[in-house]
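Asker: Need a 3D model of the following:
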Amino acid sequence: MRRRRFIGGMLALALLGTIGWLMLGTRTVPEPPIVFAPEQLPPNFRDLGTQLDPVPESIVARIEAFRAALRQGTRHTDAGNAVDLPADAFWNPNRILREFNRYHPLDSLEPDVRESLRTTLQSEIRIINQELNTQVRPRSVPTFGIRWIDRDRYGVVFTRWSDERRATVSLPLAIWMIRLQDTWEITEIEYLSTGERLSLRAHLIWRELFHQPGASIARIERIQEESERDQLCQNLLHQGRFADCESLLLDLERTMLPAELRAIALHVRAQCRLARLELALAEADLDEADRHWPGNEAFQITRARLKLAQKQPTAAREILESALAQLGDDPMLVALRGQSLAAEQNWSRAEPELRRALDAAPQLPDALDALRACLNARNADRAELGTRLMTMPNPEIALPRLIETALEATDNASIAVYLNRFQTSQPESATGHAEALRVELRTRPAAEQAAAIQRTWDKLSKSSQIELLLALVPEWQRSPQLIAWFSAIPASAKPLAFDLLAQPLLDDAKRLRQLIDAERAAVPDDPIIDFYEGCLSRIDSDWSTALTHFRRYRDAKVSDPRLMSKQRVAAAQVVRCLAHQNNRPEAELALKELAERFPPLDPRMTLLIPAIFRDEPGIRTALDQLKARGIDPATYLSDIDLEHLEPLIRDPNGKLAPAAPPAESTPAPDRSK
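Answerer: Have a look, this model is predicted:
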C-alpha cells in the first residue's frame, strides 16, 4: 500500500510538473536584447559616431508628432501608414536603468563616466515620467536593453514589441534616434526594422548615404576598406562603388520600413543606378519611390536627370518647369533647366540660365559641361570657363574639365601643371590617375597604350580601381579603342570592368558582342556573360536562347552583390521568356520561385503573365489587387509587355485592343557580325 501511494504521488508530481512546464513554455518570454561586443565593431565606428550631421527638421517634426500621439493615445499616421497607439505605448523608464545596470553594472565604469551616465539616465527617466503622467502601465510594453559598446560614451538601444505585429525595431546608434555625444537622448520613433547584425552595418552606410545621398565615392569606399578587417561587415561591404548600398537595400526591402524611408531607400538606389547608367532599373526605382512618397521634389530632380540621360531633354525640361514653379529659383533646378535647353540646342536660352546657376553654386559639374557645349556651339572664347574652373573649390570636379580644355587647345604645358598640382595634393585619388591615364591614351601611340593602362592599375588599391573604371566608362564606351583598352585591364579586374562597360552598350549590339567575346577569352567562367547574352537574345525576341542564358545566370553561385542584384533581374526575365513561349504553367512556377528567392515581388510581375496571355479576367483581378495595395497600375505602362493594357487601366469598362497578327517568322539576326 505504501509503495502504491509512493508511486501515485510521484506520478501526480510528474503530471503537475509537466503541466507547469507546458504553461511556462507557452508564455511569451521577451527575447533578450542583441549584444555587440566591442571587438565586433569596425575600427571607424567611433569616428563616425562623433561626426553626425544635424537631424533634419522634417525628421524632428515627425518625432514630435509621434511623441504627441504616444502621450495622447491617438491614432498616428506616419506617411500614410496608420498605427494604433495605446496611451502608454512607451517603455517603462525604470526598466532602462535596470536593464543597463544588469548587463553593464554602473560600478564597473570609471567614476566620472559612471556619475555622468547615472545623472543623465535619471534625468531622462524623470522627463519620461513627467511626459507619461500616468500610473497605469500596460502589460505589453516593449522590452529594452541598453548595451555599453564603448566605455567612453556610446551605446545602442534595441526594442522588441511583445505583440504579434512584425514591428521588431532595431535602432542603431546615431541614426536620428540615439545620439550619445554629450547626453543620452532617447527618442520614441520606429524607423529601421533592420534586425540584429544588419543594424550596425546599416549604420555604417545609412550614415554616409541616407543623410547625404550624394556622398562621395571616397567616403563610401573608405568605410569599405576600414571595415573589411572586421568580420561583422565583410559579408556586406563588397567591392563596387554602389554594391554596398544596393546590397543593403535588398535586405531592407524584406523589412517593414515606413513609407518615407522606403521611398528614400529607393531614391538612393535610383541614383546609384543612374550613375551606373542602368537607366531602366533607375526608372523603376523612381516610379516605386513616387508611389511611396508622391510629390517629393528631390525625386523629381533625379527624374529630370534620368530623362536627360535617356536623351529626352524636353521631358526633363517640363519636369523642371513644374519643380521651379513650386520651389522658386533653386540653383540646382536652374542648372538642370539650362542643361535641358543645351541638350535641345537652344543655346541662346541655355547660356544665361547656366551662368545664373553657376554664379549661385559654382560647383555644378554638369552645368559647367553644358556651358562648355554652348560656348563650343557658337565658337566663343572659353576663357570664362577656365576662370570658373580655376576658382572651383573641388579639384576632383575641376581637373577633368581643365585637362579637357587644355587637350582641345593642345596645351601640353598646362596639362602637366594641372596633373602635377592634383597628384601632389591628392596622391591617392583615383580621379588624378584617371585623368593622367586619359591624357596618356589620347597622346600616346596605340602600341604604348596597353602598358599605360597596366601601369595605372598597378598603382591603385581595389576600391580605387573601381573608381578609376567609373571615371573612364563614359569615354571608353564611345571609343573605337574600347576592346583594345579593355583587353589591357588585368584579369582580376575584368569582370567588374566588363559589367560597367557592358550595361550602356545594350543599344549597340555589335560592340557589346565584341566586348562579350573579349571577356569570354579572358575570364571564360564569368557568370555575368550569361546575363548579357540573355539580354541580346531577348532584344531579338529569341525567347528560347534568352531563357537558357537567364536561367543559367539566375542559378549561378555568386557572392558579389553586383552579381546578386542582377540575378533578381534574370529571375524576372525567366518568367517573361516562359510566358512568351506560351508555357503558362512553367511561367507561374518561375514567378512563385522569384517571389520566394528574391522578395519582395515587383508589383508589375503580378500583371505580366495574364498580360502576355491576354487573359482579360486575370488582368482585371491583378489590377484590382494592385489598386487594393494603393498601387497605380498606370505606372507600369512603359513596360513593353504591359503597354497594351492601357484601355483597361484608364477605363474600368475598357476593352483590350485586338491582338496584332503574328509577324512572319524570321531568324534572329546574327549579332556576331
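Asker: which residues in the chain form strands?
Answerer: For the chain, the strands defined by DSSP state E cover 75-78, 81-84, 143-150, 154-160, 169-171.
Asker: What mean pLDDT does the fourth one get?
Answerer: For strand 154-160, mean pLDDT is 30.
Asker: Mind pulling up the pLDDT for the closest residue to T545 other than its chain neighbours?
Answerer: Among residues not flanking T545 along the chain, S537 sits closest, at 4.1 Å (C-beta to C-beta, 6 or more residues apart in numbering). C-beta: built from backbone N, CA, C; applies to glycine. Looking at S537, its pLDDT reads 93.
Asker: what residues are up against S537?
Answerer: Taking C-beta atoms under 8 Å, 6 or more residues apart in numbering, we find S537 in contact with W543, T545, A546, H549, A668.
Asker: Go through these and say which is closest to A416.
Answerer: H549 (47.6 Å; C-beta to C-beta).
Asker: Surely that closest one and D542 touch.
Answerer: No: with contact defined as C-beta atoms under 8 Å, H549 does not reach D542; the gap is 9.9 Å.
Asker: more neighbours, these two?
Answerer: When H549 and D542 are compared for neighbours, H549 comes out ahead with 24 against 19, by other C-beta atoms under 10 Å.
Asker: Tell me the pLDDT of the more buried one.
Answerer: So H549 comes in at 95 (pLDDT).
Asker: how near is it to I516?
Answerer: Distance, H549 to I516, by C-beta to C-beta, to the nearest Å: 11 Å.
Asker: who touches both of these two?
Answerer: What both H549 and I516 touch, as defined by C-beta under 8 Å, 6+ apart, is the set E533.
Asker: Nearest residue to L623 in space, please, no chain neighbours.
Answerer: The shortest distance from L623 to any non-neighbouring residue, by C-beta to C-beta, 6+ apart, is to P633 (5.4 Å).
Asker: Hmm, that neighbour is touching Q625, no?
Answerer: No: in this structure P633 lies outside contact range of Q625 using C-beta under 8 Å: 9.8 Å.
Asker: Find residues that contact each of these two.
Answerer: Residues touching both P633 and Q625 by C-beta under 8 Å, 6+ apart: none at all.
Asker: And those two? Which one has more around it.
Answerer: Using other C-beta under 10 Å, the more surrounded residue of P633 and Q625 is P633, with 23 against 14.
Asker: Read off the pLDDT value for that one.
Answerer: For P633, the pLDDT comes out at 83.
Asker: Kindly report the same for A434.
Answerer: As predicted, A434 sits at a pLDDT of 80.
Asker: Give me the distance between it and L460.
Answerer: To L460, A434 is 10 Å away according to C-beta to C-beta.
Asker: just E384 next, same as before
Answerer: E384 is 34 Å from L460, by C-beta to C-beta.
Asker: who's more crowded, those two?
Answerer: Taking neighbours as other C-beta under 10 Å, E384 and L460 compare with L460 leading, 18 against 13.
Asker: wait, doesn't the more buried one sit right on A430?
Answerer: Yes: contact criterion C-beta under 8 Å: L460 and A430 qualify, at 6.1 Å.
Asker: This completes my enquiry, with thanks.
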